[in-house]
Structures are given as structure tokens and as C-alpha cells.
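Visitor: build me a model:
(2 chains)
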2 protein chains.
Amino acid sequence: MLKLYFTPHTCSLASHIALEDAGATYSIERISFSAEQQKSPEFMAINPKARVPALVTERGVLTETPAMLAFIAQSFPQAGLAPLDDPFAFAEIQAFNSYLCSTVHIAHAHRMRGYRWATDPAAIADMQRKVPQSVTACFELIEHGMLRGPWVMGETYTICDPYLFTLSQWLEGDGADLSRLPRVLDFRRRMSERPAVRKAVAAELARN
Amino acid sequence: MLKLYFTPHTCSLASHIALEDAGATYSIERISFSAEQQKSPEFMAINPKARVPALVTERGVLTETPAMLAFIAQSFPQAGLAPLDDPFAFAEIQAFNSYLCSTVHIAHAHRMRGYRWATDPAAIADMQRKVPQSVTACFELIEHGMLRGPWVMGETYTICDPYLFTLSQWLEGDGADLSRLPRVLDFRRRMSERPAVRKAVAAELARN
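Guide: Coordinates of the predicted model:
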């Protein structure tokens, strides 16, 4: 059975929603960042990168959200979460998800994880001041082109949608200019009403 | 016919090598960063993100290296550049490439592109000072685990290899501690001797 290691309010939510969308049988285990569990020997044995998400499968561990999302889509083809037999359409999905991981998530990460790339507290503070601008710019590209509507790729829901929904959770915290992003906000609202999203979010926030 | 927009010394080399590996029929067009061609209206119409690489296909434009590499592997299955019928093995390849784009390339980018994430020149200088440490740390994870040898995924050459080769070109410029990376350097040397790599590198550096 699949097992997803997650931390609330991180990008692991994207894979969690996709597992729900796929109708997969899976379990979840919470990794507490406040307790630094991601750096524990137990978790480092699962993911030496000391990050979530990680997906334990019968064949081994998978990491990195875009790879996990494509894996879920390919492993549960009946769910129709990606155009698996069309390399160009599949590549469009992958390009969108790659943009989210390598540009959008990175812009966001400079608010809380600036220590990865700088040492001086003044530099880290300067990074934080730029986050509203850089995150807004990323999402404006999505607003005005990438988000075709009603879903990211148009009429068909895909593995792009839970990933964009997950990163759009951070807009307020990042100080993004929401007035420029009406289509993204409408997308986010519609996503939040889907049963799979509600179930995944509730499971992550439950205390147990 | 496929057309690759590239800039020398950037990550577009990965897709260029993969096109050679695949035996694809393609053309290349150089985008000059020094002339800021990536911000020209002509190129922005191709890639609104104003970055290379971009791959023009019969169906439209693809961007983002991991997506392009998977597209090349899927479009030229006879080249055997990825395990296309094995979702887990394919996901391992995608996870490696996602790590390169979202962590390794980003660590490197703080040397030359710090203005994306900070404004204060002192902050940008502080970012630059951290690059040797952060890039070395990324490559040590590759050295000690991800790079199975002789190729990234083991005995079989895949789309991970041109991508790792491309990013390993930047090690010296980033001030990485090469003494800690003997397996990466051996991999880089063996890659540099492959005819497809030689041909792609020579084509990018040719003046015409």
C-alpha cells in the first residue's frame, strides 16, 4: 500500500489530493517541522533530502511533487488525471508543474527558507521583502495565460490542479496582490469545494 | 520539425543533447542573453517566461527542461532514453530531474540571478557568497546516493544524464569543492566523450 509522508501547509498536499482523486488506497504519516522530524534519522533514511513529500511504494520511495503526481496519474490510469498517451499534452502538464516547483514554489520559499541561499540576517530580510512582488509576478503569468479555465489545462481536470491549488494557499501569507488574480482565486474557490480536496485538507489538519 | 531555442552555457544544453541522443531531426536558434533577446517581443511570443529553453513542435511550444526531456524520451521511444512502460522507474527519473531543476539549478542561480529574489546589492552579494556551500551540498547528495553509476540511473543511460552533465558544467564557476565530488567528475568526463555531447556542445559554441 502507498504511504504518503506529509506536513500540513506544505506542497505535500498536492500529492495527497491527487491520491484521493485517483481513488488510491494509501495511508498518511505526519512529519512535524516544529519538532524537526524531517531531520530525524528515521525520516532521513526514507528521504535523505530531509523534505516532504515522500511516497513509499512497494518498489521504493519517490520524492519531488511533479514526479509523484505523474506517477499517481500513470499508476491509476482509470482516474484520467493526465493524457497518458499523448506526449505533447503530457509535456504541457509537466511543464506547468515544473514551473510551479522550480519558479513559483521557489519565489515563495524566500519568505520562510531564505537561510538556504543566504547567511546574513539583513539579506534574508531583504529576500522576504521581495516575496510579495515575485510571487505576484509568478501568479500573474498563471492568471493571464497558463490557467486556461475552468481547470489549468482547460475543460479536463488534471494533476496540475491540485498542485496549483496547493501553492495558491500561500498567496495571502506571501503578501501577493490578490486584486490582480481574480481567475486564480475563482479556481481556488472551486477547488476547495471538491470532495477530494476537502477530505485531504481535513485529514492533514486533524490531530491524532 | 522541432526547433530548440537555446543559449550557450545554460540548461538548454540538456535538451539539446537529448535531441541528439534521440536521433531527432531538429534545428537550433541561439538567443543572446547579452543582447537581452529573451526579452524581445519575438521571443516573448514564443515563451512569455522570457527564458530558455523553448522547444517549438508541430503542436505548440514546450518549456521547462524536465518536461522537455520526458517529451523527447516519449516521442522517440526507440532511443530508449527512459523506461516508458514502468511508472515507478519513470518516476525515479522524473524525481532526479525535478531535484535538478528545483534545488540544484536554484542553488546555482543565486550566483548570477540573485536579483530575482532580492533587491539590496548587499543581499545579492551575500547570496553569492553562499553559492559554493549550497551547490557543493546539492552535489554531495548526488555523489553519495543519487548517481548510481556508471550513469545516473545505473547501467542504462537516460534523460537524467544530459541534465546532470549540463548542471555539472557550472561547478567550477560556482566555486564548488570538487575534491568532494570524484564520482560526479568522472561522470562528467565520460559524458564529455560521447559523440552526441560533443556535437551539441560544438554546435552551441559555433559562431554563425
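Visitor: what bridges to residue A:57?
Guide: residue A:60 (DSSP bridges).
Visitor: how about the lengthiest helix in chain A and chain B, any contact?
Guide: The helix that spans the most residues within chain A, counting by DSSP state H, is helix A:121-141. Yes. Counting by C-beta under 8 Å from any C-beta of the partner chain, chain B has neighbours in helix A:121-141: A:122-123, A:126-127, A:129-130, A:134, A:141. C-beta: built from backbone N, CA, C; applies to glycine.
Visitor: let me see the contact set for residue A:53.
Guide: Listed by C-beta atoms under 8 Å, 6 or more residues apart in numbering or on different chains, the contact partners of residue A:53 are A:4-6, A:10-12, A:14-16, A:63, A:65, A:68.
Visitor: picking that back up, give me the ChimeraX select line for the residues of helix A:121-141 next to chain B, limited to the buried ones.
Guide: Buried subset of the residues of helix A:121-141 next to chain B, written as a ChimeraX selection, criterion 16 or more other C-beta atoms under 10 Å in any protein chain shown:
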select /A:123,126,127,130,134,141
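Visitor: I'd guessed residue A:203 sits against residue A:28; true?
Guide: Yes. Counting by C-beta atoms under 8 Å, residue A:203 does reach residue A:28; the two are 6.3 Å apart.
Visitor: overlap of the contact sets of the two?
Guide: residue A:16.
Visitor: got a winner among the contacts of residue A:53 for most neighbours?
Guide: Counting neighbours by other C-beta atoms under 10 Å in any protein chain shown, residue A:15 leads the contacts of residue A:53 with 32 neighbours.
Visitor: per-domain residue ranges of chain A.
Guide: Split into domains by automatic domain parsing, chain A comes to A:2-80+A:197-205, A:87-194.
Visitor: ok, is the worst-scoring helix or strand of chain A on mean pLDDT in contact with chain B or not?
Guide: The least trusted helix or strand in chain A, going by mean pLDDT, DSSP states H and E, turns out to be helix A:41-46, with a mean of 94. No. Against chain B, helix A:41-46 shows no contacts by C-beta under 8 Å from any C-beta, the least distance being 11.1 Å.
Visitor: just checking, what packs against that helix?
Guide: Packing contacts for helix A:41-46, counted by 3 or more C-beta pairs under 8 Å, 6 or more residues apart in numbering or on different chains; DSSP states H and E, involve strand A:54-57.
Visitor: check which residues of the strand it packs on are buried.
Guide: A:54-57.
Visitor: tell me where chain A has helices.
Guide: A:12-22, A:41-46, A:65-75, A:87-99, A:105-112, A:121-141, A:160-168, A:182-192, A:195-205.
Visitor: dump the residue contacts of the spatially most central residue of chain A.
Guide: What sits nearest the mean C-alpha location of chain A, by C-alpha atoms, centre = their mean, is residue A:11, with 3.5 Å. Contacts for residue A:11 (C-beta under 8 Å, 6+ apart) come out as A:52-53, A:65, A:101, A:105, A:163, A:166-167.
Visitor: okay, it: pLDDT?
Guide: Looking at residue A:11, its pLDDT is 97.
Visitor: then residue A:50?
Guide: 92.
Visitor: which one of the helices of chain A has the poorest average confidence?
Guide: helix A:41-46 (a mean of 94).
Visitor: returning to what we had before: buried ones in the least confident helix or strand of chain A?
Guide: Buried, per 16+ other C-beta under 10 Å, within helix A:41-46: A:43, A:46.
Visitor: show me the contact partners of it.
Guide: In contact with helix A:41-46 (C-beta under 8 Å, 6+ apart) are residues A:5, A:31, A:37, A:50, A:54, A:56, A:61.
Visitor: equivalent analysis for stretch A:167-179, please.
Guide: Looking at what lies outside stretch A:167-179 - C-beta under 8 Å, 6+ apart - the contacts are A:9, A:11, A:13-14, A:100, A:104-105, A:107-108, A:111, A:131-132, A:135-136, A:139, A:181, A:184-185, A:187-188.
Visitor: distance from stretch A:183-199 to the middle of the chain?
Guide: Centroid separation for stretch A:183-199 versus its chain: 14 Å, with C-alpha atoms, centre = their mean, to the nearest Å.
Visitor: next, the distance between the ends of it.
Guide: One end of stretch A:183-199 to the other measures 24 Å (C-alpha to C-alpha, to the nearest Å).
Visitor: what comes into contact with that stretch?
Guide: So stretch A:183-199 is in contact with A:17, A:20-21, A:139, A:142-143, A:147, A:149-152, A:161-162, A:164-165, A:168-169, A:171, A:178, A:201, going by C-beta under 8 Å, 6+ apart.
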